[in-house]
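1. Build me a model:
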Amino acid sequence: MKNKVLQNTLILTATAFVAIALPFILVFTGILDDYAAGILSLAGVNAVMAISVNLISGITGQLSLGQAGFMAIGAYSTVFLTTQGGIPLPVSVILAGLITAFFGFLIGFPTLKLEGDYLAIVTLAFGEIIRVVLVNLKQLTGGPNGMSFPTLLTLNSSVSVLSITAVLVIIIVLVQNFIRSTYGRAILAVREDAVAANSCGIPVFKYKMTGFVIASFVAGIGGAFYVMYVGFIKPEQASFTKSVDYLIFVVLGGMGSMTGSVLSAYVLTLLQEVLRFLQNYRLLFYPVILTLVMIFRPQGLLGTKEFSFVKTFGKIKDLHISDLVNGTLRKNAAAEEK
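-> Got it, this is the predicted structure:
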């Protein structure tokens, strides 16, 4: 048992190391240019936002259309804490996530007793309120023109890819462990049947709030790394269309599947760049792809399943052992015939 746990730990550690190191090495050695590095960085930020949306819509079972608003709070908080407060950038990122989580608590406390369309409308209104406030606070936010925030991630593509990929991997690991914890199982029970969960003694509102606040924190981290990578932020980032974009990643990848959402975020981000020669017509591919998925695979690419490197390694190992055994049996049979 101990050997199996150690083996699984080593597999996951090696996978995480390769996922972080490989993109960095490809960019640092010049195999991938700055343009490709920029696409990888943006895809990483989109993947973080997809995880945030999936935590609410896929894991908690609530429909939120205001994640772009939380992202904007995280981005602007990072800028203000660093430039106005003189706080080191890494600390500002964590604080920005906590500030965003606090706003998530404020908006979630009165609204999480609502469900379905009602919660979606409230979170949509919240995102628009954030956008309008940011537009009108011209002295602080630069108004509709936004504000610049150049960092090392903006200037160095290698550092950008390394930092964003590392944060993405860390978030995936932490979220997956949270889902498998007692709290995560309770949230999944609430998602499946809130009435049954409540009858079993699970405080429904408490666990809905927990999922909502954690998702807000992740969105704040995504906003922080977005502004550090792009070097610029404006209120448009909190618009409804941005929230819909992040929701599309989740719907396409599979509600409840973190690996599906991450894969979808990378594929759709890359697809946008590949189809750039079509100019504005490339935006038509989003609804076309989504329509096809809804018709032929309504549960998304992975549904609620997760891709497991441990299980994949186990299958390859079993297949290899099976081939060795079959080969040995054939040799023995051939020797007996002779």
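2. make it CA atoms for all contacts and neighbour counts henceforth
-> Will do.
3. Could you give me the buried positions within whichever strand or helix holds V48?
-> Following DSSP states H and E, one finds V48 within helix 34-54. Judged by neighbour count (16 or more other C-alpha atoms under 10 Å), helix 34-54 contains these buried residues: 36-54.
4. can you list contacts of it?
-> 27, 64, 67, 71, 157-158, 160-161, 164-165, 168, 171-172, 215-216, 218-219, 222-223, 225-226, 229, 246-247, 249-250, 255-258, 261-263, 265-266, 269-270, 273 (C-alpha atoms under 8 Å, 6 or more residues apart in numbering).
5. And the residues you listed, which of them are buried?
-> 27, 64, 67, 71, 157-158, 160-161, 164-165, 168, 171-172, 215-216, 218-219, 222-223, 225-226, 229, 246-247, 249-250, 255-258, 261-263, 265-266, 269-270.
6. taking those residues one by one, which sit in helices?
-> Cross-referencing those against helices under DSSP state H gives 27, 67, 71, 157-158, 160-161, 164-165, 168, 171-172, 215-216, 218-219, 222-223, 225-226, 229, 246-247, 249-250, 258, 261-263, 265-266, 269-270.
7. in the stretch 201-338 of the chain, which ranges drop under the pLDDT threshold?
-> 286, 304-338 (pLDDT under 70).
8. please redo it, this time with the cut-off set to 90
-> Per-residue confidence for the stretch 201-338 of the chain (pLDDT under 90) gives these ranges: 201-208, 211, 230-264, 267-338.
9. quick one: the strands in it?
-> Assigned by DSSP state E, counting those that start in this stretch, the strands in the stretch 201-338 of the chain fall at 232-233.
10. Over to the stretch 51-200 of the chain?
-> Using DSSP E, counting those that start in this stretch, strands in the stretch 51-200 of the chain cover 147-148.
11. F102 and I289, how far apart?
-> Distance, F102 to I289, using C-alpha to C-alpha, to the nearest Å: 36 Å.
12. next one: F240
-> With C-alpha to C-alpha as the criterion, F240 and I289 are 20 Å apart.
13. again with I221
-> Applying C-alpha to C-alpha to I221 and I289 gives a distance of 28 Å.
14. How about S216?
-> With C-alpha to C-alpha as the criterion, S216 and I289 are 28 Å apart.
15. what's around the residue nearest to K113 when sequence neighbours are not counted, how many residues?
-> Leaving aside its chain neighbours, K113 sits nearest to F205 (7.0 Å; criterion: C-alpha to C-alpha, 6 or more residues apart in numbering). Neighbours of F205 under the rule other C-alpha atoms under 10 Å: 16.
16. try L252
-> With other C-alpha under 10 Å as criterion, L252 counts 27.
17. what residues are up against it?
-> L252 makes contact with G260, S261, S264, L290, V293, G300, L301 under the criterion C-alpha under 8 Å, 6+ apart.
18. need the residues you listed in a markdown table with distance to I107, can you?
-> Shown next, in a markdown table, are those (distance: C-alpha to C-alpha, whole Å):
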| residue | distance to I107 |
| --- | --- |
| G260 | 28 |
| S261 | 25 |
| S264 | 28 |
| L290 | 30 |
| V293 | 32 |
| G300 | 29 |
| L301 | 31 |
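19. Please enumerate the helices of the stretch 51-200 of the chain.
-> With DSSP state H, counting those that start in this stretch, the ranges of helices along the stretch 51-200 of the chain come out as 67-83, 89-111, 117-136, 138-141, 152-155, 157-180, 182-192, 194-199.
20. Serialize those to a markdown table and add fields for distance to R282 and mean pLDDT.
-> Listed next are these as a markdown table, based on distance: least, C-alpha to C-alpha, whole Å; pLDDT from 0 to 100:
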| stretch | distance to R282 | mean pLDDT |
| --- | --- | --- |
| helix 67-83 | 22 | 91 |
| helix 89-111 | 33 | 90 |
| helix 117-136 | 26 | 86 |
| helix 138-141 | 31 | 83 |
| helix 152-155 | 26 | 85 |
| helix 157-180 | 25 | 89 |
| helix 182-192 | 35 | 87 |
| helix 194-199 | 41 | 84 |
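21. Could you say which one of those comes nearest to P235?
-> Across the helices of the stretch 51-200 of the chain, P235 has its closest neighbour in helix 117-136 (5.2 Å, C-alpha to C-alpha).
22. list the buried ones in that closest one?
-> In helix 117-136, the ones that count as buried by 16+ other C-alpha under 10 Å are 119-120, 122-132, 134-135.
23. Mind listing residues that contact that helix?
-> 62-70, 72-73, 107, 111-112, 141-144, 235-240.
24. same thing but at 7 Å, please
-> Helix 117-136 is contacted from outside by 63-66, 68-69, 111-112, 141, 143-144, 235-236, 238-240, using C-alpha atoms under 7 Å, 6 or more residues apart in numbering.
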